[in-house]
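Visitor: no sequence for this one, just the structure:
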Ligand code: SF4
């Protein structure tokens, strides 16, 4: 499965420094599998304590079925919990566009096959305005051409080259690759006195 | 041109470059806990894989463990299940598990160093962002996600990009009442919560050189709060002195020290960036907002959105709205409901010693619920041995059993409603302490002690009459 091109409706969750505690509050980390996390995504900003909706963008009828999350600077900062990207993925979102990403979150997303795409503020302002005006607009993330296309506009995007390469070649999950070097791992372990 | 520590440790542990340009890096030590790791064993099972180097991985429980009644089965079924899954997986794969009441259980970042598992020159990883703590010993210590925990279990390696290194030099002398916690809160305030993205932070300078290992751990712990991938301090005699005699250090300790010393950055090492911080600028620091960079000294006023432009204006407005604080008002005097001393940032023996010394003979204000939670069973034992628990209890603190507790409130220790907590932990994120409207003010243990006694955010130097002579 190559992830060089992704398309879907977008939803904008405004704010800088949105941390992983907000993406998935700690009480939902009580689990031994990630399967049930989708509904708890952004729970405390979406729902009152009695479960009534606060009218968050993710729950707005016009954004139902959105597959691309857009946010601002330093998205995913804080805890290393993979529960955060897992919740994003299980909720049905396939990619995140933001001004910048916290590193551990970025790495977790990559391994799960969720592209984290960096877009500058001016582009984000225009893109999110487009979505506000026409929530049905399709956003196309093109990692080959390093651009996002939406409503006839083209926005430049950025991604670390090794990450982009991993998506283009479908090697974003590194495990098989890592396991291919058993002998070299052993010799390094031996050299360092760990085997 | 010499090399810095990051480069030396990296070069020693790199196995090969991968096709996408990343590197495969050997992990010398892998620590696991019950929240982020059980799922990784499930992933291994799905792929029919086993643990490659089980003796390089150690397990403990910390996040969900209650700090009052730890008798099993735990009252919370899911918490019990998480511990069971971890303990069974550890047994099945031959991983050593530091169970409650083994004498070695505790917060994963307290346990590693105190057992001497954490050693200079290592690459260390754990499914926990505060793994950065171990960098205090001159390690590359990385927080990782669960899929990476799986990778390390299966291969003892990670795929990663090299980091840039920023040297942060803190020079001068800290004034009385200013602690390691204030140093790191100040650094994050200056460099911002995402200032460290792409970097390892190397802390140095006369202030860092003079710090104890426990203080150095406090500093490195919060590197992640500044956006850095990890933080470290070059190993020196202070490091070796701390490790000497610990349970898991190499038998030929002197030889190990020589090897470890060689990992320290060369004097002519180059850095991608350098930052100079003056100790004289650092005062007792507290947060006022919902990120650790939203911090001010105890003498300052809560900032006003009118002072800034653009997105920052929204950030301040949102933070003030959530914290229910008034722009332009002093932070000092803000009433608190809860005082928490503990966590992997400030839950070690010296943290409790400092707080105990300050509160001895004083009483916690009647409006405050105060808890002291040792970072590990060893910390608890050592504190009890010198009677610290009695000083805390006499002052009106509860002395609890070890765990993460109110740092992230996955156990029963939680804020209620919009309570304000003066906390020695590391994150003041929205909802962090267990209530979606709960509020956190980060500060040093001594400042938490002062807030507990005063009933409101206070200047420890005033509450405890700290002067140059008494310090
Ligand atoms: S004490 Fe807090 S920050 Fe440290 S490991 Fe536990 S939950 Fe994480």
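Guide: Thanks, I have the structure now. Since the structure is predicted, the reported quantities are computational estimates derived from the model, not experimental observations. Numbers count the residues shown, from 1 in each chain, chains lettered A, B, ... in the order given.
Visitor: Enumerate the residues of the stretch 101-250 of chain B near chain A.
Guide: Contact residues (C-beta under 8 Å from any C-beta of the partner chain) of the stretch 101-250 of chain B with chain A: B:127-129, B:131, B:143-148, B:150-151, B:154-161, B:193-194, B:197-198, B:224, B:227, B:229. Every C-beta, even on glycine, is put in place using the N, C-alpha and C of the backbone.
Visitor: Residue A:146 and residue A:158 touch, don't they?
Guide: Yes: counting by C-beta atoms under 8 Å, residue A:146 touches residue A:158, with 7.1 Å between them.
Visitor: Skipping its backbone neighbours, what lies nearest residue B:444 in space?
Guide: What sits nearest to residue B:444 in space, not counting adjacent residues and going by C-beta to C-beta, 6 or more residues apart in numbering or on different chains, is residue B:181, at 3.8 Å.
Visitor: What residues does the one you found make contact with?
Guide: Applying C-beta atoms under 8 Å, 6 or more residues apart in numbering or on different chains to residue B:181 gives the contacts B:218, B:285, B:345, B:346, B:424, B:442, B:443, B:444, B:445, B:447.
Visitor: how does it look with 10 Å?
Guide: Residue B:181 sits next to B:215, B:218-219, B:221-222, B:284-286, B:345-346, B:351, B:424, B:426, B:442-448 when contact means C-beta atoms under 10 Å, 6 or more residues apart in numbering or on different chains.
Visitor: roughly how far apart are it and chain A?
Guide: Counting by C-beta to the nearest C-beta, to the nearest Å, the gap from residue B:181 to chain A is 18 Å.
Visitor: Can you spell out which helices and strands pack onto the longest helix along chain A?
Guide: Counting residues, the longest helix found in chain A (DSSP state H) is helix A:121-133. Applying 3 or more C-beta pairs under 10 Å, 6 or more residues apart in numbering or on different chains; DSSP states H and E, one finds that helix A:121-133 contacts strand A:5-12, strand A:68-70, strand A:95-98, strand A:138-142, strand A:147-150, strand A:153-156.
Visitor: same thing but at 7 Å, please
Guide: strand A:5-12, strand A:68-70, strand A:153-156 (3 or more C-beta pairs under 7 Å, 6 or more residues apart in numbering or on different chains; DSSP states H and E).
Visitor: Which residues does the last one contact?
Guide: To tie it back to what came earlier, the one meant is strand A:153-156. Strand A:153-156 is contacted from outside by A:119, A:123, A:126, A:127, A:130, A:146, A:147, A:148, using C-beta atoms under 7 Å, 6 or more residues apart in numbering or on different chains.
Visitor: For the ligand, see how far away the closest residue to the second one other than its chain neighbours is.
Guide: It stands for residue A:123. Of all residues beyond its chain neighbours, the one nearest residue A:123 is residue A:155 (4.1 Å), with distances taken as C-beta to C-beta, 6+ apart. Distance, residue A:155 to the ligand, using C-beta to the nearest ligand atom, to the nearest Å: 37 Å.
Visitor: what's the answer for residue B:298, then?
Guide: 23 Å.
Visitor: next one: residue A:4
Guide: 37 Å.
Visitor: For that residue, give me its contacts.
Guide: Residue A:4 neighbours (C-beta under 7 Å, 6+ apart): A:143, A:144, A:167, A:168.
Visitor: Run a quick neighbour tally on residue B:325.
Guide: Look at residue B:325: counted by other C-beta atoms under 10 Å in any protein chain shown, it has 19 neighbours.
Visitor: Could you confirm it falls within a strand?
Guide: No: according to DSSP: H, G, I helix; E, B strand; the rest coil, residue B:325 belongs to no strand; its state is coil.
Visitor: which of the helices and strands packed on helix A:121-133 is buried the deepest?
Guide: With neighbours defined as mean count of other C-beta atoms under 10 Å in any protein chain shown, these peak in mean count at strand A:68-70, which reaches a mean of 26.
Visitor: Can you pick out the ones from the contacts of residue B:181 that are in helices?
Guide: Using DSSP H, the contacts of residue B:181 in helices are B:215, B:218, B:219, B:221, B:345, B:346, B:351, B:445, B:446, B:447, B:448.
Visitor: Among the residues you listed, which one has the most neighbours?
Guide: residue B:448 leads those on contacts (other C-beta under 10 Å) with 35 neighbours.
Visitor: In this structure it contacts residue B:425, no?
Guide: No: in this structure, residue B:448 is not within contact of residue B:425 by C-beta atoms under 7 Å, at 9.6 Å.
Visitor: Now list whatever residues contact both of these two.
Guide: The contact lists of residue B:448 and residue B:425 share residue B:340, where a contact means C-beta under 7 Å, 6+ apart.
Visitor: ok, back up a step: any idea what the residue nearest to residue A:123 is bridged to?
Guide: residue A:148 (DSSP bridges).
Visitor: Would you state the helices of the stretch 51-200 of chain B in chain order?
Guide: For the stretch 51-200 of chain B, the helices defined by DSSP state H, counting those that start in this stretch occupy B:77-93, B:108-115, B:146-155, B:180-191.
Visitor: Repeat that for the stretch 251-400 of chain B.
Guide: So, for the stretch 251-400 of chain B - with DSSP H, counting those that start in this stretch - the helices run B:253-261, B:311-323, B:343-346, B:349-359, B:377-385, B:388-395.
Visitor: What score does residue A:49 have for pLDDT?
Guide: For residue A:49, the model assigns a pLDDT of 85.
Visitor: Could you tell me which ranges of the chain sit under the pLDDT cut-off?
Guide: If you meant another chain, say so; for now it's chain A. Across chain A, the ranges flagged by pLDDT under 70 are A:1-2.
Visitor: think we crossed wires, I meant chain B
Guide: In the predicted model of chain B, residues B:311, B:469-471 satisfy pLDDT under 70.
Visitor: Kindly state the domain boundaries assigned to it.
Guide: Residue ranges for the domains of chain B, per automatic domain parsing: B:5-274, B:285-463.
Visitor: Where does chain A get nearest to the ligand, which residue?
Guide: Nearest residue of chain A to the ligand: residue A:79, at 7.2 Å (C-beta to the nearest ligand atom).
Visitor: try the stretch 101-250 of chain B
Guide: Distances between the stretch 101-250 of chain B and the ligand by C-beta to the nearest ligand atom are smallest at residue B:130, namely 4.5 Å.
Visitor: Tell me if I'm right that that residue and residue B:344 touch.
Guide: Yes: checked against C-beta under 7 Å, the pair residue B:130 and residue B:344 is within contact range at 5.2 Å.
Visitor: list residues touching both of those two?
Guide: Common neighbours of residue B:130 and residue B:344 (C-beta under 7 Å, 6+ apart) are B:109, B:221.
Visitor: Out of the helices of the stretch 251-400 of chain B, flag the one nearest chain A.
Guide: helix B:311-323 (5.8 Å; C-beta to the nearest C-beta).
Visitor: which other residues reach that closest one?
Guide: Outside helix B:311-323, the residues within contact range by C-beta under 7 Å, 6+ apart are A:16, A:72, B:288, B:289, B:290, B:294, B:303, B:305, B:308, B:327, B:430, B:439.
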